[in-house]
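K.L.:
Okay, here's the prediction I keep looking at, along with the sequence it came from:
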Amino acid sequence: MDDSLILSNPSMSRRQLLNFFTGTIVAVTASAALYPATKFFVPPAESTDADGSILAKDQIGHPIPASQILAEQPGTRALIAGLASEPTYLTVKEDGTLDEMGIVDNCTHLGCTFPWNPVDEQFQCPCHGSRYDAQGSVERGPANRPLKLVHVQVRDNNIWISPWKDTDPRTGEKPWWV
């Protein structure tokens, strides 16, 4: 008779168990490090209205109350972060309200941003010398298209910006940016 004990092999050896725990710890640590890195590269979702409008924001992303801009003198042009964070000028009208037409601050020649010159009452692109009038129409090239427009609405002391898809009032044609 054979006096040896017959033992069945265990389902997992000690080495396999330690490898499993090591792999689990490495996976959890890597996930914990990758999650914030991934969140950094994914842009935050914009809060939009039913018609695709977004809130006007300042340079660091805080919503701008309408009362802040409306407290300025009539004719003032306020620069805000508009659709897709594009710099956009809003104009205070003579009656103390905001113009329903905002002008996107990107030159149609090569996309430079530019200041409003209140003395000449023009948008003047410093890159190649394009000049635009107060409504964003080209006065002097090399730009050959007017500036993009956005719709501006004030509701409950919030400024809502939405894409301009209507006929361009400056040219009477379909907008080139649609």
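P.N.:
Looks like it arrived, so ask away.
K.L.:
can I see the domain layout of this structure?
P.N.:
12-42, 54-163 (automatic domain parsing).
K.L.:
average model confidence for the longest one?
P.N.:
To tie it back to what came earlier, the one meant is domain 54-163. Mean pLDDT, computed over domain 54-163, is 86.
K.L.:
before we move on, what about the shortest one?
P.N.:
When pLDDT is averaged along domain 12-42, the result is 87.
K.L.:
Tell me how far it lies from the chain's centre.
P.N.:
Its chain's C-alpha centre and that of domain 12-42 lie 35 Å apart, by CA atoms, centre = their mean, to the nearest Å.
K.L.:
on that earlier part again, how about the domains of the chain in CSV, adding mean neighbour count and distance to Glu173?
P.N.:
The C-beta positions use only the backbone N, C-alpha and C, and glycine is treated the same way. Formatted as CSV, the domains of the chain follow (neighbours: other CB atoms under 10 Å; distance: least, CB to CB, whole Å):
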stretch, mean neighbour count, distance to Glu173
domain 12-42, 10, 38
domain 54-163, 17, 10
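K.L.:
In this protein, what residue spans correspond to helices?
P.N.:
All helices of the chain, identified by DSSP state H, fall at 14-41, 66-70.
K.L.:
Quick one: closest of the domains of the chain to Lys174.
P.N.:
Nearest of the domains of the chain to Lys174, taken as CB to CB: domain 54-163 at 12.3 Å.
K.L.:
which other residues reach stretch 77-92?
P.N.:
For stretch 77-92, contacts defined as CB atoms under 8 Å, 6 or more residues apart in numbering pick out 54, 56-59, 61, 64, 69-70, 72-76, 98-99, 101-106, 113, 116, 118, 123, 134, 148, 150, 152, 159, 161-163.
K.L.:
I am finished for the moment; much appreciated.
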